[in-house]
Every structure is written in C-alpha cells, then in structure tokens.
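A.B. asks: Could you look at this predicted model? Sequence included:
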Amino acid sequence: MPAQTVVLPSFAFAGGNVFEDVPVALHAWGTLNERADNAVVVCHALTGFPDVSEWWEPLLGPGRVLDTERFFVVCLNVPGSPYGTLSPASKDADGQRLGSRFPVPTIRDAVRMHRAALERLGVRGVALAIGGSMGGMQALEWGFETTEDGRPFVRALCPIACGAAHSAWCIGWGEAERMAIRADANWLNGDYPPHRHPDAGLAAARAMAMLSYRSPAGFSQRHGRRAMPPGHPFSGQFAVVSYLHHQAQRLVDRFDAACYVRITEMMDTHDVSAGRAPTVEAALATLAQPVLAVGIDSDVLYLPSESRQIAEACPNGTYAEIASPWGHDAFLIEFDQLDALLRAWFASNDM
C-alpha cells in the first residue's frame, strides 16, 4: 500500500523551532468506524519506516492480531526520519538540505506531531498504541495524551523492549555510534553535500548498533567461528565480519547519517517523568489504561527489568516476556510468541 502524506500547517518543536507546511508520512490499513475511535497506532523503531507490512507482516491483516477488519491501523514516520516526514534530509525553500538546522526532536514531539496528523485524518480516539524499541517509547508516551475532557486519548498501551526513560547504557551506545559518524571527514557538522555523504561513519555506527541488537548466544548460534568460503567477498574472514559489513552497507544504501544522529538524540530525550513527576514510577502510576510491557530475555540493550518496571508501576500493568536467543531484535523475529502474548492480553482486557 502506498504511503500517504499529511501536511501540518505548522509545528513547534519543544526546543522552540517552528516550521510551516510540515509533511508527516504514514501508511494506513482498514477504515475508521462511525465513532472514529478504532485506530491502532503502530510505532516504528530507529531506522524503521511506516510500512508495517514490511516488518510485522505476520501480525497485520484480516483476522490477524492487528485485525484490519476491526481496526484502522496506522503507522506514522517520526520527525527526523528520511522516509517522508520533516528531517535533516528535507529541503528548504531554496532547495537546500536542512542538515544541522533541523533541531533535535523529542519523543513527545513525535507523539504530538503524530496526534495532529491523526486528527487531520479524522481520528478521535485510539484503541491501542504499540511498538518496539524506539516505537515502544512512543507507545508509552501516547498514554499521557488526553482528550478535551481529560480522558485518555489512547485506551491501551503495549511498549515492547524499552524502558520508561533512556538509560545511561543506551545513551552511551547512541553516543558511540554518533562519534563514529562525526569522525567521518565527510560529516561537516551534518551539512554535507548530496554527492559526499559520511557513509563510512554511518556504516561503523550501524555495525556497532547490530552488536547491541543481538546477543552473544545468537551470534554464536548463527556465526560461531565459521569462515566465509572461497569466492565470497569476505573469503577467509569470519562470518560475523561479513554479516556486520553486509548490514552496514544495507543501511548506508537506504538511510541518511544526519537523520541517524538526530533520531538517536531524540531517543535520548525519552523520560516519562520529565516535567510530570519526581520519578518514572510516579509518572507511570498516573496511567490508568491496560498496559502490556513486553521484555526479551536475551536483550542486552533494553534489559527485561526495564519492561518489568513499567508493568509494575502502571496500575493496570502486565508483564510478558519473549524467550529468544536473538536479543533486542526478537520483537522483529519472534512473531508467533508476540502474536500469542497479544491475543491473550486482548482477551483478558476485552479488546
């Protein structure tokens, strides 16, 4: 299904920067009901894009857990991403990349922008906000959105493989990746020309990130100490080396380094307590909706204890865990487990 674009007349970022005619790219499936409150917002991860059918296909469609005959399923592209929403890769009135002039957005900016886009589509209520990793941060933040009369705008939340605030561990990973990009001679503070991108820096950042997205057991199971065969571009080198170079090149071919820097900086802003409560537990205690916080037992980036903290602090919280050797990325791999967890939770909450 082709992407749609909603153009907001203007949008003010938390830092004070105001832009006019702001595009927000999205994909949608199904139709709104008469009350316009059957939307399911699926939130994508860091380098993700809004076509859910590409990365959660087994979960999306008629009769599936994200049932497009019951729900209006929509995924909106975050600010800062090169996939159609305002970002460093966007052009100004003179046709020049915004580059470093694009501000650091916040997770709350993303949710506010997406809510404005949904309302322009006619959505008056959301049945569920769900997502993994950075998508989980957005899903959790959606829980604090309210209607004019103070009721929750979103009736149920499912943050997967994320915490209530970005940890020092995760901020450190993001900064290490940004350092690799900034060390590229082509970086030029994010204002590089179209023909000279900091591809080597972005490739190094992606290789580091891939290590955090998987687990030692998963790498041993998939790669071990196996060497690539003769004739292979990485002949004689370890299979894991080939894998990291392959994943790095795939991202270089489809993403933008300045966007990567801004989005990882956006993730660092995630903290549900900021401006709301003295602790994340106190902030989460104000969420009355059903909340399913899903952890992954082998996740070395967002520890299962972080998801458990969310579930325990929310008055109507439930914790569930995916068992997998594939680490953080298991939410994009273990479809059967995720489907079963969601169906059981839906049934227990009459969704």
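C.D. replies: Structure received.
A.B. asks: where exactly do the strands run in the protein?
C.D. replies: 4-12, 18-29, 39-43, 72-76, 126-132, 157-160, 291-296, 317-322 (DSSP state E).
A.B. asks: by contact count, what packs against the second one?
C.D. replies: I take that to be strand 18-29. strand 4-12, helix 52-55, strand 72-76, helix 107-120 (3 or more Cβ pairs under 8 Å, 6 or more residues apart in numbering; DSSP states H and E). Backbone N, C-alpha and C define where each C-beta goes, glycine included.
A.B. asks: ok, the third one: who's next to it in the sheet?
C.D. replies: Note on strand 72-76: by DSSP bridges, its sheet partners are strand 18-29 (antiparallel), strand 39-43 (parallel).
A.B. asks: Please produce CSV containing those strands, extended by mean pLDDT, mean neighbour count and distance to Ala3.
C.D. replies: Below are those laid out as CSV (pLDDT from 0 to 100; neighbours: other Cβ atoms under 10 Å; distance: least, Cβ to Cβ, whole Å):
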stretch, mean pLDDT, mean neighbour count, distance to Ala3
strand 18-29, 98, 18, 5
strand 39-43, 98, 28, 14
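A.B. asks: Let me have those strands in CSV, extended by distance to Arg112.
C.D. replies: Supplementary listing: the strands paired with strand 72-76 in CSV, determined by distance: least, Cβ to Cβ, whole Å:
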stretch, distance to Arg112
strand 18-29, 11
strand 39-43, 13
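A.B. asks: what about the closest residue to Met210 other than its chain neighbours, how many neighbours?
C.D. replies: Leaving aside its sequence neighbours, Met210 sits nearest to Gln247 (Cβ to Cβ, 6 or more residues apart in numbering; 5.1 Å). Using other Cβ atoms under 10 Å, Gln247 is surrounded by 16 other residues.
A.B. asks: Isn't Gln247 up against Met208?
C.D. replies: No - Gln247 is beyond contact range of Met208, at 10.8 Å (criterion: Cβ atoms under 8 Å).
A.B. asks: which neighbours do the two share?
C.D. replies: The overlap between the contact sets of Gln247 and Met208 (Cβ atoms under 8 Å, 6 or more residues apart in numbering) is empty.
A.B. asks: ok so, going back, of all the helices and strands packed on strand 18-29, which lies closest to Arg214?
C.D. replies: Closest approach to Arg214 among the helices and strands packed on strand 18-29 (Cβ to Cβ): helix 52-55, 16.3 Å.
A.B. asks: Show me what the closest one packs onto, helices and strands only.
C.D. replies: Looks like helix 52-55 contacts strand 18-29 (3+ Cβ pairs under 8 Å, 6+ apart).
A.B. asks: ok, and what's touching the strand it packs on?
C.D. replies: Contact with strand 18-29 is made by 1, 3-13, 50-53, 60-61, 68, 72-77, 83-86, 90, 113-114, 116-117, 121, as judged by Cβ under 8 Å, 6+ apart.
A.B. asks: Mind giving me the ChimeraX select for those, buried ones only?
C.D. replies: Listed next is the ChimeraX selection for buried residues among the contacts of strand 18-29, using 16 or more other Cβ atoms under 10 Å:
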select :4,6,8,11,13,50,51,52,60,61,68,72,73,74,75,76,77,83,84,85,86,90,113,114,116,117,121
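A.B. asks: List the beta-bridge partners for Val18.
C.D. replies: Following DSSP bridges, Val18 is listed with bridge partners Ala12.
A.B. asks: residues of stretch 118-131 that come out buried?
C.D. replies: Quick answer for stretch 118-131 (16+ other Cβ under 10 Å): Leu118, Leu121, Val123, Gly125, Val126, Ala127, Leu128, Ala129, Ile130, Gly131.
A.B. asks: export those residues to CSV and tack on distance to Tyr192?
C.D. replies: Listed next are the buried residues of stretch 118-131 as CSV, based on distance: Cβ to Cβ, whole Å:
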residue, distance to Tyr192
Leu118, 34
Leu121, 35
Val123, 38
Gly125, 43
Val126, 38
Ala127, 42
Leu128, 40
Ala129, 35
Ile130, 36
Gly131, 30
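A.B. asks: from the residues you listed, which is closest to His44?
C.D. replies: Gly131 (6.7 Å).
A.B. asks: Can you name the residues that contact the closest one?
C.D. replies: Val42, Cys43, His44, Ala45, Met137, Gln138, Ala139, Cys158, Pro159, Ile160.
A.B. asks: Just among the residues you listed, which is most surrounded?
C.D. replies: Using other Cβ under 10 Å as the neighbour criterion, Pro159 leads these with 34 neighbours.
A.B. asks: ok, that residue - contacts?
C.D. replies: Contacts of Pro159 (Cβ under 8 Å, 6+ apart): Ile130, Gly131, Gly136, Met137, Ala139, Leu140, Val291, Ala293, Val294, Ser307, Ile310.
A.B. asks: what does Arg343 give?
C.D. replies: Counted by Cβ under 8 Å, 6+ apart, Arg343 has contacts Val65.
A.B. asks: quick one: it and Ala285, what's the gap?
C.D. replies: According to Cβ to Cβ, to the nearest Å, Arg343 stands 28 Å off from Ala285.
A.B. asks: which residue sits closest to Lys91 in space, ignoring its chain neighbours?
C.D. replies: Arg97 is the one closest to Lys91 (Cβ to Cβ, 6+ apart), at 6.3 Å.
A.B. asks: should've said Val294
C.D. replies: Once flanking residues are discounted, Val294 sits nearest to Ile160: 4.3 Å by Cβ to Cβ, 6+ apart.
A.B. asks: Was I right to think that neighbour contacts Gly135?
C.D. replies: Yes - using Cβ under 8 Å, Ile160 is in contact with Gly135, at 7.4 Å.
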